[in-house]
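Q: Fold the following for me, if possible:
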Amino acid sequence: MGKKIILYLFLSVNFGICNNDYRKSEYEISLPEGWIEVSKETADFLIAEENFPSKTPAYEKYDYLYELKSNDTLFTFPYILIQINNSERLTKRELKNYGSKYFKYDAATNYLWKYGDSTLEVIIPTEKGTINIFCYSSKEKFQNSKEEFKDIVNSIFINPKIKYSSNFILEIPILKEIIYSFNKLNLFFLAVIIFLLSARRIKHKKAA
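A: Just a heads-up that it's a prediction; the model follows:
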């Protein structure tokens with residue numbers, strides 16, 4: 001009974017009237033009528049209760065979730081999970097290699113596309129890493145959902161600050177590694193300096 005009350009509260013908070021455009025710090029997405037964003041708190045609750053219709057590695061880390069709301073039950077197909085990965089910028093050569101092995105590479109957008117029996121996975125490169133998109137449907141309805149998924153992915157507008165662009169220096173592996181190593185080293189020294197300044201400040205306060 002308690003779990004049903006909690007779920008009802010989640011639904012009442014998250015299913016208000018919303019616009020179809022959702023803006024995040026990394027991107028803006030335009031959803032067709034009937035699609036909604038589901039809060040991370042609601043999704044975490046449903047994952048814990050094992051109420052998702054499928055289990056995939058994508059659930060290990062996600063940042064944003066959207067679904068086509070057909071009734072008051074979460075989650076029902078179709079739905080979309082988005083992960084923000086800021087680990088490392090991929091070069092065009094790396095993108096093409098991924099495309100030749102696992103994905104279909106779109107040279108016009110630099111996007112990577114992969115279709116399954118009931119899924120569509122898209123990797124959008126950024127200057128910081130990638131935005132990974134996982135689109136899920138049932139096998140029976142995937143052909144109908146596929147075009148809608150493609151339209152949603154193509155509606156995504158990447159924040160210009162992180163939008164992927166051609167960079168000759170970062171396309172050269174050795175120079176890319178040097179630049180990333182230099183940035184990491186700078187961050188390390190910055191962290192050390194902040195720590196020492198904080199420790200010195202605390203010491204002076206105690207002495208006073």
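Q: shaky segments in the chain?
A: Applying pLDDT under 70 to the chain picks out residues 1-19, 46-60, 71-75, 167-208.
Q: can you map out the strands along it?
A: Along the chain, the segments classed as strands by DSSP state E run 21-23, 27-30, 35-38, 64-68, 79-85, 104-106, 111-115, 119-125, 130-136, 157-158.
Q: For those, give me a markdown table that also has mean neighbour count and distance to Asp44.
A: For glycine as for every other residue, the C-beta is placed from the backbone atoms N, C-alpha and C. As requested, the strands of the chain are arranged in a markdown table below (neighbours: other Cβ atoms under 10 Å; distance: least, Cβ to Cβ, whole Å):
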| stretch | mean neighbour count | distance to Asp44 |
| --- | --- | --- |
| strand 21-23 | 13 | 19 |
| strand 27-30 | 18 | 21 |
| strand 35-38 | 20 | 10 |
| strand 64-68 | 20 | 10 |
| strand 79-85 | 21 | 13 |
| strand 104-106 | 14 | 33 |
| strand 111-115 | 18 | 27 |
| strand 119-125 | 22 | 22 |
| strand 130-136 | 23 | 17 |
| strand 157-158 | 14 | 26 |
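Q: Distance to Ser165 added to these, as a markdown table?
A: As requested, the strands of the chain are arranged in a markdown table below (distance: least, Cβ to Cβ, whole Å):
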| stretch | distance to Ser165 |
| --- | --- |
| strand 21-23 | 21 |
| strand 27-30 | 15 |
| strand 35-38 | 28 |
| strand 64-68 | 23 |
| strand 79-85 | 18 |
| strand 104-106 | 16 |
| strand 111-115 | 14 |
| strand 119-125 | 10 |
| strand 130-136 | 14 |
| strand 157-158 | 10 |
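Q: among those, which is nearest Lys150?
A: Set against Lys150 and scored by Cβ to Cβ, the strands of the chain come closest in strand 119-125, at 7.4 Å.
Q: which other helices and strands contact that closest one?
A: Strand 119-125 sits against strand 111-115, strand 130-136, helix 142-154, with contacts defined as 3 or more Cβ pairs under 8 Å, 6 or more residues apart in numbering; DSSP states H and E.
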